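1. here's my sequence, what's the structure:
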Amino acid sequence: MTTARERHTDVLDTLLDADHQLAGTAMDDHHGIYQIAHQTAGRIAPLDSFYIALYDVDDNSLLFAYNFDGRLYDGPCHLPVGDGPTSWVIRNKVAFVLGTDNRDVQGSGVRFGNTDRTSESAVHVPMRVYRDGAEVVIGVLSAQSYNPGAYDETSVKCLQWLADRTAAALEREHAVADLQHQVAEANERASQRRRLALDMADGMVRMLADITREAEGLRATVRHEDPVLKREVEALCALCYRMQTEAHQLPLRPIDPSAQTGETLGKPLPRLTAREHEVLDLLVTGASAAGIAQRLDISVDTVKFHRKNLFRKMGVTSRVHAVKAALFARAQQDIP
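-> Numbering: from 1, shown residues only. Okay, the predicted model is just below:
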């Protein structure tokens, strides 16, 4: 018979294994992330039904992205935030555990799967991430059972941990998309400044051309018997010619936005080893050190070694700025 200590150890091993799997899953493999959460929930608590719903704050709606009742798969659906347990969690930002005093909330939800049966136990927990130092609920993870009393306090805590780790895996895509957006904005600002500089240079060249014509006109009126004035006018014309030539050679490069970040951006990537390129490519996808180690079949310490060398060569001090520098450098290659 399994003891409480052995059960605790098994649950801990299961959660750690889930964390490792989530870290190694590609950030755009949403179904793969949901599957890991589903399988893990079934290993740590009784499970007859399971779903993951994502919250869209812009239109106050829910996407029930992954829904299973036993082995019966129920396809994704969009619903407005309503009065059911999922919506309750979104509004209150805390877990909803089915009890005798809140069955009306559970009953207000949209049923799925085998609608002939009713869940007697249910846990709906918020999927939480941190953005700009504030906690944000991006969705809800739910485990349900047809048997009463299926979930205790430990089950709720474990499901909450799983929901947060699942949210973190999904958040990697958001973080990378945010970085890409920042890089796109930096490129656009650089392009605008370059266009402005070109317009200013073009205006300067036209002004110099006007001054040159005035100087040449003045040269035609100078009398030959006034050699001093004639030399001065000739020198003025020569200076105008030189200024026009130099104005066309102005180094009109995009503005380096590194001053805004304090890091080295806007520069080509340094010479990297093949392994460092692999590590950088995976950093850009949002993979963790554990995820990179799993993908490349190397140890986490080896990943950290390559990452340290990578940061040194790129002149950055953090993962975020390394990703920004890489995205910016690659985007610059596409700008004519």
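
2. tell me where the stretch 151-300 of the chain has helices.
-> Using DSSP state H, counting those that start in this stretch, the helices of the stretch 151-300 of the chain run over 153-221, 227-247, 258-261, 274-284, 289-296, 300-314.

3. scratch that, the stretch 1-150 of the chain is what I was asking about
-> Counting by DSSP H, counting those that start in this stretch, the helices of the stretch 1-150 of the chain are 4-24, 30-44, 85-92, 103-107.

4. just to revisit the earlier point, tell me which of the helices of the stretch 151-300 of the chain is the most buried.
-> helix 289-296 (a mean of 20; mean count of other Cβ atoms under 10 Å). To be clear about C-beta, it is placed using only N, CA and C from the backbone, and glycine gets the same treatment.

5. and the angle from that helix to helix 4-24?
-> Angle, helix 289-296 to helix 4-24, by axes from the mean of the first three to the mean of the last three Cα atoms, to 10 degrees: 70 degrees.

6. that older thread, for Asp59, find the nearest of the helices of the stretch 151-300 of the chain.
-> Checking the helices of the stretch 151-300 of the chain against Asp59 by Cβ to Cβ gives helix 153-221 as the closest, at 17.2 Å.

7. can you say which of the helices of the stretch 1-150 of the chain is nearest to Arg312?
-> helix 4-24 (24.4 Å).

8. between the helices of the stretch 151-300 of the chain, which gets the lowest average pLDDT?
-> Among those, helix 258-261 carries the lowest mean pLDDT, a mean of 42.

9. dump the helices of the stretch 1-150 of the chain into TSV; add mean pLDDT as well.
-> Output for these, formatted as TSV (pLDDT from 0 to 100):
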stretch	mean pLDDT
helix 4-24	82
helix 30-44	93
helix 85-92	95
helix 103-107	89
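
10. what would the ones you listed look like in a markdown table with distance to Met314 and mean neighbour count?
-> Listed next are these as a markdown table, based on distance: least, Cβ to Cβ, whole Å; neighbours: other Cβ atoms under 10 Å:
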| stretch | distance to Met314 | mean neighbour count |
| --- | --- | --- |
| helix 4-24 | 23 | 15 |
| helix 30-44 | 29 | 19 |
| helix 85-92 | 40 | 20 |
| helix 103-107 | 51 | 15 |
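
11. quick one on the thing from earlier: any chance of CSV for the helices of the stretch 151-300 of the chain, columns distance to Val129?
-> Below are these laid out as CSV (distance: least, Cβ to Cβ, whole Å):
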stretch, distance to Val129
helix 153-221, 5
helix 227-247, 52
helix 258-261, 23
helix 274-284, 19
helix 289-296, 17
helix 300-314, 23
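
12. closest to Val81 out of the ones you listed?
-> helix 153-221 (18.0 Å).

13. can you give the distance of stretch 99-111 from its chain's centre?
-> The chain centre lies 36 Å from the centre of stretch 99-111; the measure is Cα atoms, centre = their mean, to the nearest Å.

14. now do it: everything it contacts.
-> 64, 79, 82-86, 88, 96, 98, 119, 122 (Cβ atoms under 8 Å, 6 or more residues apart in numbering).

15. max pairwise distance over those residues: which two?
-> Across the contacts of stretch 99-111, no pair lies farther apart than Leu79 and Leu98, at 19.6 Å, counting by Cβ to Cβ.

16. okay, these two: which has more neighbours?
-> Using other Cβ atoms under 10 Å as the criterion, Leu79 and Leu98 rank with Leu98 on top: 22 against 15.

17. let me see the backbone angles for the more buried one.
-> Torsion angles at Leu98 (phi, psi; degrees, to the nearest 10) stand at phi -60, psi 130.

18. could you do Asn114 as well?
-> phi -80, psi 100.

19. hang on, isn't it packed against Asp74?
-> No. Contact criterion Cβ atoms under 8 Å: Asn114 and Asp74 do not qualify, at 9.7 Å.

20. returning to that earlier point: how about the helices of the stretch 1-150 of the chain in TSV, adding distance to Pro126?
-> Shown next, in TSV, are the helices of the stretch 1-150 of the chain (distance: least, Cβ to Cβ, whole Å):
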stretch	distance to Pro126
helix 4-24	17
helix 30-44	14
helix 85-92	5
helix 103-107	15
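
21. to Thr166, which of the ones you listed lies closest?
-> Checking these against Thr166 by Cβ to Cβ gives helix 30-44 as the closest, at 4.5 Å.

22. identify the residues contacting that closest one?
-> 11, 14-15, 17-18, 21-22, 25-26, 47, 50, 52, 65-66, 68, 141, 143, 155, 158-159, 162-163, 166, 169-170.

23. switch to 6 Å and redo it
-> Applying Cβ atoms under 6 Å, 6 or more residues apart in numbering, the external contacts of helix 30-44 come out as 11, 14, 18, 21-22, 25, 47, 50, 52, 66, 143, 158, 162, 166, 169.

24. which residue, other than its chain neighbours, is closest to Ala65?
-> Setting aside the residues directly before and after it, Ala65 is nearest to Pro76 in space (Cβ to Cβ, 6 or more residues apart in numbering), at 5.1 Å.
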